[in-house]
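S.K.: here's my sequence, what's the structure:
(one chain, ligands or ions: 2)
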Amino acid sequence: MRSDEIKLGFSRAPHRSLLRATGVKEEDFDKPFIGVANSFIEIIPGHFFLNKVAEVIKEEIRANGCVPFEFNTIGVDDGIAMGHDGMLYSLPSREIIANSVETVMNAHKLDAMIAIPNCDKIVPGMIMGALRVNVPTVFVSGGPMQKGHTKDGKPIDLASAFEAVGKHETGEISDEELYDIECNACPSGGSCSGMFTANSMNTLMEAMGIALPGNGTILALTPERTELYKKAARRICQIAKMEQAEREKFKIRNILNENAVRNAFAVDMAMGGSSNTVLHMLAIAKEAEVDFNLEDINTISKRVSHIAKISPSLSTVHMEDINKAGGVNAVMHEMKKRGDDILADNLCIGGETLYEKIQDAKILDTNIIHTIDNPYSAVGGLAILYGNLAEQGAVIKTAGITGDRVFTGTAVCFNSQDEAIKGIINGKVKAGNVVVIRYEGPKGGPGMQEMLSPTSLIMGMGLGDKVALITDGRFSGATRGASIGHVSPEAAEGGLIGLLEDGDEIFIDVDNYILEAKLTFEEIAERRDRFKPIVKPLTSKWLKQYRALVTNASSGAVLEAE
Ligand SMILES: CC(C)(O)[C@@H](O)C(=O)O
Ligand SMILES: [Mg+2]
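M.R.: Ligands and ions are numbered 1, 2, ... in the order given. From the prediction side, this is the model:
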């Protein structure tokens, strides 16, 4: 056992002494030590109950002959950090989480891990940490939130709350209506109810085979979810007690391989996942040492049909509806009917292969999960655009476009999200504009802010199908409309987005993957000569460290040190 390093021999008497102080009994020294990577934190609705979840899991681990050691990571609630400089810390928190998991698991030589994430950055952070540690690992997320309802019964969620701010701004809704939405959009604990970033990542874990079926869709705080926690705990114990050769198969790098990464993107396409999945999956692929690049996404997108539309792309459908309609297994079973190359067969943490896992799954409601011959679209819900404005790529969630897929507009430039919010509210943005928000990339922000406030204001103010938005920052999973993010290279590293001026003509063609500024070589060269990138003043030591090490979005905004 890996934990023999801290358990065996006379030289480890002090180590055992310390372990005894934590409650380890004589008979426990023969058992596998399981790290329980939890993310209990009181300020996130998807996490405030995870202390109780960990208790259930630890009890099951003890009952199954292993010894649990719980530790916790931090988390940022993107919704609460939204629209102010708190969001600068959101993406960087992914690195702290990855580093925390690596630190605790490796410092104490634990044998296996069960990870309990839920919201946006906690999921990829824990996966990245787990990949560095590379022991058998089962993921089981806290679970999604129920959808909410207004007083008159209309389904709502967090996206409705953000868009309501724009509607209130234009006078379309009253103070009372805004208050009704505020009080009812988030009716329970869990990760916000739509296919936002958290639930997208929790769903992709099923496709990658690192979590058991139901992980993406079974509601939090339900008996069904508690069963899933227990099942996951039993499974990690089963694996931890296997003979070494058998156990080896379930080390996370043997499960989360190239096939798993490709399967994750395929499911993402079929279900219209958050644009943030691109950033996180690229970072995960890098950590797993899998050869996967941004360009590969369009190849997958062309092959996969979009068959499940969920909020924010379809405001009436939420994760609980997908669960009732058969869950992610039913989606995968249906997707596979389009061809053998849609999903690769691959070992899953439950012990079966992906094909075995989905073979009996059925769609129970074809209004919610469409059949393969009746897709929402024949291509997937995400696309990567290229052109002089995005030589290394930019991301758009095609599933969320409400207006034209070809758009020519004139640029209105803002050098930060704050400037953009003020500009939009003050009527600086008009139909036919392309809103440019720059210096919000991983380095420029720093931290690549998620911009649900500007995109929701645009939707809420009725400009959704009349303007486009491009940024080197990123969006929320709750963002809709022609919003193009992750523009790389970013302004802070000299990308053309930094050279744009008000009035420039910008051309977007989603189906041909184009994002271009209509500028001549001479114009660009002349502007580059007088270009001086803005460096935002920073007081935070952590954000300074982050800015020094972070790479751009086209490589997942990972930290790189020599
Ligand atoms: C606050 C949200 C909606 O959770 C957002 O963080 C996302 O990325 O989806
Ligand atoms: Mg987010």
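S.K.: show me which residues of this structure sit near ligand 1.
M.R.: Taking CB under 6 Å from any ligand atom, the part of the chain that reaches ligand 1 is made up of 78-79, 120, 158, 192, 196-198, 274, 276, 450, 476-478. (Each C-beta comes from the backbone N, C-alpha and C, glycine too.)
S.K.: repeat that with 8 Å
M.R.: Residues of the chain that fall close to ligand 1, judged by CB under 8 Å from any ligand atom: 77-79, 82, 90, 119-120, 158-159, 162, 191-192, 194, 196-198, 200, 274, 276, 450, 452, 475-479.
S.K.: could you check the distance from Ala164 over to ligand 2?
M.R.: To ligand 2, Ala164 is 19 Å away according to CB to the ion, to the nearest Å.
S.K.: I meant to write Asn374 there.
M.R.: Taking CB to the ion, one finds Asn374 at 31 Å from ligand 2.
S.K.: run a quick neighbour tally on Gly65.
M.R.: By other CB atoms under 10 Å, 15 other residues sit near Gly65.
S.K.: need the helices for the stretch 151-300 of the chain, in chain order.
M.R.: 158-169, 175-184, 197-208, 223-240, 244-248, 252-255, 258-271, 276-287, 295-303 (DSSP state H, counting those that start in this stretch).
S.K.: tell me if the third one is near ligand 2.
M.R.: The one in question is helix 197-208. Yes: Helix 197-208 reaches ligand 2 (CB under 5 Å from the ion) through Thr197.
S.K.: which other helices and strands contact that helix?
M.R.: helix 122-133, helix 258-271, helix 276-287, helix 327-335 (3 or more CB pairs under 8 Å, 6 or more residues apart in numbering; DSSP states H and E).
S.K.: between the first one and helix 276-287, how many degrees?
M.R.: Interaxial angle, helix 122-133 versus helix 276-287 (axes from the mean of the first three to the mean of the last three CA atoms, to 10 degrees): 10 degrees.
S.K.: now do the longest strand along the chain: distance to the chain's middle.
M.R.: Secondary structure assigned by DSSP state E gives strand 406-414 as the longest strand of the chain. Averaging C-alpha positions (CA atoms, centre = their mean, to the nearest Å) puts strand 406-414 28 Å from its chain's average.
S.K.: hmm, who's touching the helix or strand following it?
M.R.: Using DSSP states H and E, the helix or strand that follows strand 406-414 in sequence is helix 417-425. Residues outside helix 417-425 that contact it (CB atoms under 8 Å, 6 or more residues apart in numbering): 83, 87, 169, 412, 414, 429, 435, 437, 440, 449, 451, 453-454, 457-458, 461, 473.
S.K.: now the buried members of the residues you listed.
M.R.: The neighbour-count test (16 or more other CB atoms under 10 Å) applied to those identifies 83, 87, 412, 414, 429, 435, 437, 440, 449, 451, 453-454, 457-458, 461, 473 as buried.
S.K.: closest to ligand 2 out of those?
M.R.: Met87 (8.9 Å; CB to the ion).
S.K.: circling back: nearest to Asp4 among the buried ones among the contacts of helix 417-425?
M.R.: Met87 (44.1 Å; CB to CB).
S.K.: from the chain's centroid, how far away is the helix or strand of the chain with the lowest mean pLDDT?
M.R.: Of all helical and strand segments in the chain, the minimum by mean pLDDT, DSSP states H and E falls on helix 452-460, at a mean of 88. For helix 452-460, the separation from the chain centroid amounts to 20 Å (computed by CA atoms, centre = their mean).
S.K.: with adjacent residues omitted, what lies nearest to Glu391?
M.R.: In space, and not counting its chain neighbours, Glu391 is closest to Pro489: 6.7 Å by CB to CB, 6 or more residues apart in numbering.
S.K.: cool, Asn298 as well?
M.R.: Per CB to CB, 6+ apart, closest to Asn298 is Ile384, 5.3 Å.
S.K.: would you agree that neighbour is in contact with Ile300?
M.R.: No: at 10.3 Å, Ile384 and Ile300 do not qualify as touching, with contact defined as CB atoms under 8 Å.
S.K.: among the helices of the stretch 151-300 of the chain, which is nearest Lys337?
M.R.: helix 258-271 (11.5 Å).
S.K.: now the angle from that closest one to helix 197-208?
M.R.: Going by the same axes, to 10 degrees, helix 258-271 makes 130 degrees with helix 197-208.
S.K.: by contact count, what packs against helix 258-271?
M.R.: Using 3+ CB pairs under 8 Å, 6+ apart, helix 258-271 is in contact with helix 197-208, helix 276-287, helix 295-303, helix 327-335.
S.K.: run the last query once more with 10 Å
M.R.: helix 197-208, helix 252-255, helix 276-287, helix 295-303, helix 327-335, helix 354-358 (3 or more CB pairs under 10 Å, 6 or more residues apart in numbering; DSSP states H and E).
S.K.: buried sites along the shortest one?
M.R.: I take that to be helix 252-255. In helix 252-255, counting by 16+ other CB under 10 Å, buried: 252-253, 255.
S.K.: next, Glu450: phi, psi?
M.R.: As for Glu450, its main-chain torsions (degrees, to the nearest 10) stand at phi -90, psi 130.
S.K.: ditto for Asn64
M.R.: phi -110, psi 30.
S.K.: that one contacts Cys237, doesn't it?
M.R.: Yes: Asn64 is within contact range of Cys237, at 3.7 Å (criterion: CB atoms under 10 Å).
S.K.: which residues of the stretch 401-550 of the chain lie near ligand 2?
M.R.: Glu450.
S.K.: can you give me the strands in the stretch 401-550 of the chain?
M.R.: Residue ranges of the strands in the stretch 401-550 of the chain, as given by DSSP state E, counting those that start in this stretch, are 406-414, 433-437, 468-471, 483-485, 505-509, 514-517.
S.K.: by contact count, what packs against the third one?
M.R.: Translated: strand 468-471. Against strand 468-471 (3+ CB pairs under 10 Å, 6+ apart) you get strand 390-396, strand 406-414, helix 417-425, strand 433-437, helix 452-460, strand 483-485, strand 505-509, strand 514-517.
S.K.: list the buried residues for that strand?
M.R.: Result for strand 468-471 [16+ other CB under 10 Å]: buried residues 468-471.
S.K.: what pLDDT is listed against Met461?
M.R.: Met461 carries a pLDDT value of 86.
S.K.: which helix or strand contains the residue nearest to Asn298?
M.R.: Going by DSSP H and E, Ile384 is part of strand 383-387.
S.K.: and the angle from that strand to helix 258-271?
M.R.: Using the same axes, to 10 degrees: strand 383-387 against helix 258-271 is 100 degrees.
S.K.: contact residues of this structure facing ligand 2?
M.R.: 78, 120, 197, 450.
S.K.: quick check: the last one touching His486?
M.R.: No: in this structure Glu450 lies outside contact range of His486 using CB under 10 Å: 11.4 Å.
S.K.: got the contact list for Pro144?
M.R.: 46, 118, 188-196, 198-199, 202-203, 215-220, 225, 318-320, 322-323 (CB atoms under 10 Å, 6 or more residues apart in numbering).
S.K.: can we see that at 7 Å?
M.R.: Residues near Pro144 by CB atoms under 7 Å, 6 or more residues apart in numbering: 190-191, 193, 199, 217, 219-220, 319-320.
S.K.: which pair in those spans the largest distance?
M.R.: Ser191 and Glu320 (12.0 Å).
S.K.: quick one: which of those two has more around it?
M.R.: Ser191 (31 against 18).
S.K.: show me what contacts that one?
M.R.: Counting by CB under 7 Å, 6+ apart, Ser191 has contacts 46, 118-119, 142, 144-145, 198-199, 202.
S.K.: what pairs with it across the strands?
M.R.: Pro144 (DSSP bridges).
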